[in-house]
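# fold the stuff below for me.
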Amino acid sequence: MGLKSRRFGAGDPEVMMDINTTPLIDVMLVLLVMLIITIPIQLHAVNLEMPVGVPPDNAIKPEKVQIDIDDKSLVYWQGLPVSAEELDQKMTLVAQQPVPPEIHLRPNKDAQYAVFANVLSTTKRKGLTKVAVIGSEQFVQ
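Predicted coordinates for the structure are as follows:
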């Protein structure tokens, strides 16, 4: 705080009680410069290790398995209705194939989420990694 006295003639001098902000601004600028210096430089590049050479020819195409869930939350395997136990058995069989199939999961908008989540968790539990959710545009409001 600065204390200045002014004399305007006879009488007591008036005291000016304004805060001096110059040191505060100096400290703020020093802290800002320190912050800018200590931030690591961000690179806008992603380093990838790309394979070299010609990619191998994939002669064996994976099988496509269509799983549908209708509006009554019934599960269909390739168009045929299945129970939860049958679904588990069928996924066990296809997971044992040398080339795991692609699972195309198509739920109905009115199906229960628990049934959909159960099918997804079963695919993960069986080790089926190629899962696609078909028709997700129906869920956009």
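
# for this protein, which spans come out with low pLDDT?
1-12, 42-46, 139-141 (pLDDT under 70).

# ok, which stretches of it are strands?
Applying DSSP state E to the chain gives strands spanning 4-6, 14-16, 64-69, 75-77, 80-82, 102-107, 131-133.

# tell me the most buried of the ones you listed?
Mean neighbours per residue, mean count of other C-beta atoms under 10 Å, is largest over the strands of the chain for strand 102-107, with a mean of 20. For every residue, glycine as well, the C-beta is placed using N, CA and C.

# for Val115, what are its contacts?
69, 73, 75, 107 (C-beta atoms under 8 Å, 6 or more residues apart in numbering).

# show me this protein divided up by domain.
What automatic domain parsing lists as the domains of the chain is 13-38, 64-139.

# now do the longest one: distance to the chain's middle.
The offset between the C-alpha centroid of domain 64-139 and the centroid of the whole chain comes to 23 Å, using C-alpha atoms, centre = their mean, to the nearest Å.

# do stretch 126-141 as well
With C-alpha atoms, centre = their mean as the basis, stretch 126-141 stands 16 Å off its chain's centre.

# check stretch 58-68 too.
Here stretch 58-68 is found 27 Å from its chain centre; the criterion is C-alpha atoms, centre = their mean.

# can you give me the end-to-end distance of it?
For stretch 58-68, the first-to-last residue distance is 28 Å (C-alpha to C-alpha, to the nearest Å).

# so which residues make contact with that stretch?
Residues outside stretch 58-68 that contact it (C-beta under 8 Å, 6+ apart): 75-79, 87, 94, 97, 99-108, 119, 130.

# and the domains of the chain: which comes nearest Glu49?
With respect to Glu49, and counting by C-beta to C-beta, the nearest of those is domain 64-139 at 21.4 Å.

# can you give me the helices in this protein?
22-38, 84-95, 113-126 (DSSP state H).

# no further queries at this time; thank you.
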